[in-house]
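> Pasting the sequence and the predicted model now:
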Amino acid sequence: MLYVLEQKRKTVRDLIAMPDDGKQYELIAGQIFMVPPPSTYHQDIAGFLFSKIDSIVRTKRLGKVLFAPVNVFADNENVYQPDILFVRQENIGIIEMDGIHGAPDLVIEILSPSNAYFDLKTKKEVYQCIGVREYWIVDPMDHSIECFANSTNGYQTFFLGKEGHATSNVLPEFLVEVPNVFAL
């Protein structure tokens, strides 16, 4: 469960002022939330996906792949830590020492009971608005993956399933057989 720390609207400045206490925080719609550590299953899935995408990106020098915790500064009231993100080489300038200032090309979120609502609703809408080209939702409870492409009509699902191959539009070399993602 995400824990809201205070009801008063917060900004990036408030998030940056949080103590360095080893805990992870996100700023979602003007509220600072403490994010609990992920389960080992969540970590297994994240590690599997990260290693697949990172090996492609590094080998071909296509950009940079990062994993949580790294801040994505969407706006003054939204700073997220997606599980995995990819920034194409031509957009690498958005990567700064304190995080990503702009829209990653691909964001992958792995659902957990504490974050599902935010990942499926709030974050999805903000990622769409700031121009994240592709957004993946990986659901360990349902053993499914849903992939969205950003268009003039907003996010459109281009893959949804528990079987078959999920293939990125942004990074076509990155594809995963869905059952393998959850068979860890």
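Happy to help now that I have it. Worth saying up front: this structure is predicted, and the values here are computed from it rather than measured.
> which residue is nearest the middle of the chain?
Compute the mean C-alpha point of the chain, and by Cα atoms, centre = their mean the closest residue is residue 82, 2.8 Å away.
> Confirm that it sits in a strand.
No: under the criterion used here (DSSP: H, G, I helix; E, B strand; the rest coil), residue 82 is coil, not part of a strand.
> what kind of secondary structure is residue 128 in?
Using three-state DSSP, the structure places residue 128 in helix.
> could you measure the nearest residue to residue 12 once chain neighbours are set aside against residue 15, distance?
The spatially closest residue to residue 12, leaving aside those adjacent along the chain, is residue 76, at 5.4 Å (Cβ to Cβ, 6 or more residues apart in numbering). Bear in mind the C-beta positions are built from the backbone N, C-alpha and C, glycine included. Residue 76 sits 10 Å away from residue 15, taking Cβ to Cβ, to the nearest Å as the criterion.
> neighbour-wise, which of the two wins?
Shown here are residue 76 and residue 15; by other Cβ atoms under 10 Å, residue 15 has more neighbours (18 against 13).
> The nearest residue to that one once chain neighbours are set aside is in what secondary structure piece?
Counting by Cβ to Cβ, 6+ apart, residue 27 is the residue found nearest to residue 15 once chain neighbours are left out, at 4.5 Å. Secondary structure here is read from DSSP states H and E; on that basis residue 27 sits in strand 24-28.
> okay, the helix or strand that contains residue 47 in CSV with CA atoms only?
When elements are assigned from DSSP H and E, residue 47 belongs to helix 40-60. Output for helix 40-60, consisting of C-alpha atoms alone and laid out as CSV, is shown next (Å, rounded to 0.1, in the frame of the first residue of the first chain):
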residue,chain,number,x,y,z
THR,A,40,10.7,-10.7,-4.7
TYR,A,41,8.4,-11.8,-7.5
HIS,A,42,8.1,-8.2,-8.7
GLN,A,43,11.9,-7.9,-8.6
ASP,A,44,12.3,-11.2,-10.6
ILE,A,45,10.0,-9.9,-13.3
ALA,A,46,11.7,-6.5,-13.4
GLY,A,47,15.1,-8.1,-13.6
PHE,A,48,14.0,-10.4,-16.4
LEU,A,49,12.6,-7.5,-18.5
PHE,A,50,15.5,-5.2,-17.7
SER,A,51,18.1,-7.7,-18.8
LYS,A,52,16.3,-8.4,-22.1
ILE,A,53,15.9,-4.7,-23.0
ASP,A,54,19.3,-3.6,-21.7
SER,A,55,21.2,-6.2,-23.7
ILE,A,56,19.6,-5.0,-26.9
VAL,A,57,20.1,-1.3,-26.1
ARG,A,58,23.7,-1.6,-24.9
THR,A,59,24.8,-3.9,-27.8
LYS,A,60,23.3,-1.6,-30.5
